[in-house]
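Trainee: A structural model of the following input is requested.
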Amino acid sequence: MAATISCHLSSVSSPDTVSLSSSSSLSRGAQNICRFSGVSVTAPAIRRRISCQIVSSAPSSPANAKAKAGLKDFLHIDDFDKETILKILERAKEVKALVKSGERTYLPFKGKTMAMIFAKPSMRTRVSFETGFYLLGGHALYLGPDDIQMGKREETRDVARVLSRYNDIIMARVFAHQDILDLANNASVPVINGLTDFNHPCQIMADALTIIEHVGQLEGTKVVYVGDGNNIVHSWLLLASVIPFHFVCVCPRGFEPDPRTTKKAIKAGVSKIEIVNDPKEAVKGADVVYSDVWASMGQKEEAEYRRRVFQGFQVDEELMKLAGPKAYFMHCLPAERGVEVTDGVIEAPNSVVFPQAENRMHAQNAIMLHALGL
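Mentor: Residues are numbered from 1 along each chain as shown. Purely as a prediction, here's the structure:
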């Protein structure tokens, strides 16, 4: 608990030597605050009575301190309103244009460091964050699974506090969603969600940027996700809670997304949302057909079982024809070619998976600029 000490000095005639009295007992910390230089007195001495009162105030939480400093975490897309999300996406377009032009004098992250926690390994997440932060003047530090062992070797709240004293921002790619929440609650610097088992907001921001670039806008588009109702779907649902578009998740029965997240998105009343089980019907009229691996990291022991259950959910050339000639194909990568998507679909002219992958870096740069108040 934070405390301030208020002192009052009064003088009275007395033959006594100088004395110090306090209206309340002082802790060692409080005593250290009240320091007095030596006083030389002659008789009759003057007794100087100093009354000290400790006034306690509630401690400021890391979250409150961040808010006061204009710093923000990026944990879920629906933590922000439509105006803010669109502003971040517009900033991503601007910063992307600067980077692509070869401009190297725009260095908003100069003198700043970012700690990158990876409980889950990833090529795209590491390279996009590290390269993007470097291109804008910053320095990123990679902390792999064996470097921290967060929650095992050291408590998450302690990791958050220590890294906050060394770095200006923290990015974490973890398994349990509670880990990212605990990091954010205890860190005094912004925390960016690089992925959890529940959601993947940076990926969906990159996807939204890609759709704006190729379709022309996000609002009013039809996005059809084909596959497992996983963390990617959860982030699409949260985006649909903020920006109006038509989102369809088509998956086998028993592999639907989290029902609470689905209900939350529907209750928001912003977008048209459907959870269905027929891919051929679902993709008709789609602006985007989206796929992901059927067995995510940590589910590989289920891979063979899932391949059997997901038969009929592969995005192939026939399914893309049903979607229509203007439909784009997207995939968050890595892809298992020949499993959830055919090689032909990935390599087709209307596939934007590689511009989509590049946009991870640009979207994340804009997210970090917003989080740091720059």
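Trainee: Look up how far Arg165 lies from Val159.
Mentor: 11 Å (C-beta to C-beta, to the nearest Å). In short, each C-beta sits where N, CA and C put it, glycine included.
Trainee: Over to Ser351?
Mentor: According to C-beta to C-beta, Ser351 stands 45 Å off from Arg165.
Trainee: Check Ala366 too.
Mentor: 26 Å.
Trainee: Burial check on Ala335, number of neighbours?
Mentor: A count of nearby residues for Ala335, using other C-beta atoms under 10 Å, gives 18.
Trainee: per-residue confidence for it?
Mentor: What the model reports as pLDDT for Ala335 is 97.
Trainee: ok, it - contacts?
Mentor: Neighbour list for Ala335: Ser291, Val293, Val341, Ile346, Val353 [criterion: C-beta atoms under 8 Å, 6 or more residues apart in numbering].
Trainee: Find the residue closest to the last one in space, skipping its chain neighbours.
Mentor: Spatial nearest neighbour of Val353, chain neighbours left out: His331 (4.7 Å); criterion: C-beta to C-beta, 6 or more residues apart in numbering.
Trainee: Run through the bridge partners of the one you found.
Mentor: Ser291 (DSSP bridges).
Trainee: Can you tell me the closest non-neighbouring residue to Glu219?
Mentor: Ranked by C-beta to C-beta, 6+ apart and with sequence neighbours excluded, the top spatial neighbour of Glu219 is Pro244, at 5.5 Å.
Trainee: Give me the more crowded residue out of Ser351 and Arg165.
Mentor: Counting neighbours by other C-beta under 10 Å for Ser351 and for Arg165 shows that Ser351 has the greater number, 19 against 9.
Trainee: ok, that one - contacts?
Mentor: Tyr328, Phe329, Met330, Val345.
Trainee: try 10 Å
Mentor: Residues in contact with Ser351 (C-beta atoms under 10 Å, 6 or more residues apart in numbering) are Val289, Met320, Tyr328, Phe329, Met330, His331, Val341, Gly344, Val345.
Trainee: For the buried ones among those residues, write the corresponding PyMOL selection.
Mentor: The following PyMOL line selects those of the contacts of Ser351 that are buried, judged by 16 or more other C-beta atoms under 10 Å:
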select buried, resi 289+320+328+329+330+331+341+345
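Trainee: Name the nearest of the contacts of Ser351 relative to Arg104.
Mentor: Distance from Arg104 was checked for each of the contacts of Ser351 by C-beta to C-beta. The minimum falls on Met330, at 30.2 Å.
Trainee: Find the residue closest to that closest one in space, skipping its chain neighbours.
Mentor: In this structure, Met330 finds its nearest non-sequential neighbour in Tyr290, 4.6 Å apart by C-beta to C-beta, 6+ apart.
Trainee: Let me know whether that neighbour touches Val223 as I believe.
Mentor: Yes - between Tyr290 and Val223 there is a contact at 6.2 Å, judged by C-beta atoms under 10 Å.
Trainee: Please enumerate the shared neighbours of these two.
Mentor: Joint contacts of Tyr290 and Val223 (C-beta under 10 Å, 6+ apart) are Asp207, Ile211, Trp236, Phe247, Val248, Cys249, Tyr328, Met330.
Trainee: The first one: how many residues sit nearby?
Mentor: It refers to Asp207. Neighbours of Asp207 under the rule other C-beta under 10 Å: 27.
Trainee: what's the strand or helix carrying it packed up against?
Mentor: Asp207 belongs to helix 201-215 when elements are defined using DSSP states H and E. Helices and strands in packing contact with helix 201-215 are listed as helix 82-100, helix 123-135, strand 191-195, strand 222-226, helix 231-240, strand 288-291, strand 328-331, helix 353-371; criterion 3 or more C-beta pairs under 10 Å, 6 or more residues apart in numbering; DSSP states H and E.
Trainee: now that helix: how far from the chain's centre is it?
Mentor: Computed by C-alpha atoms, centre = their mean, to the nearest Å, the separation of helix 201-215 from the middle of its chain amounts to 16 Å.
Trainee: can you give me the mean pLDDT across it?
Mentor: Mean pLDDT, helix 201-215: 98.
Trainee: Between helix 353-371 and it, find me the angle.
Mentor: With axes from the mean of the first three to the mean of the last three C-alpha atoms, to 10 degrees applied, the angle from helix 201-215 to helix 353-371 works out at 120 degrees.
Trainee: Make 483 the starting number, not 1.
Mentor: Sure thing, new numbering starts at 483, so read that last one as helix 683-697.
Trainee: So for helix 683-697, what gets flagged as buried?
Mentor: Within helix 683-697, the residues scored as buried using 16+ other C-beta under 10 Å are 683-694, 697.
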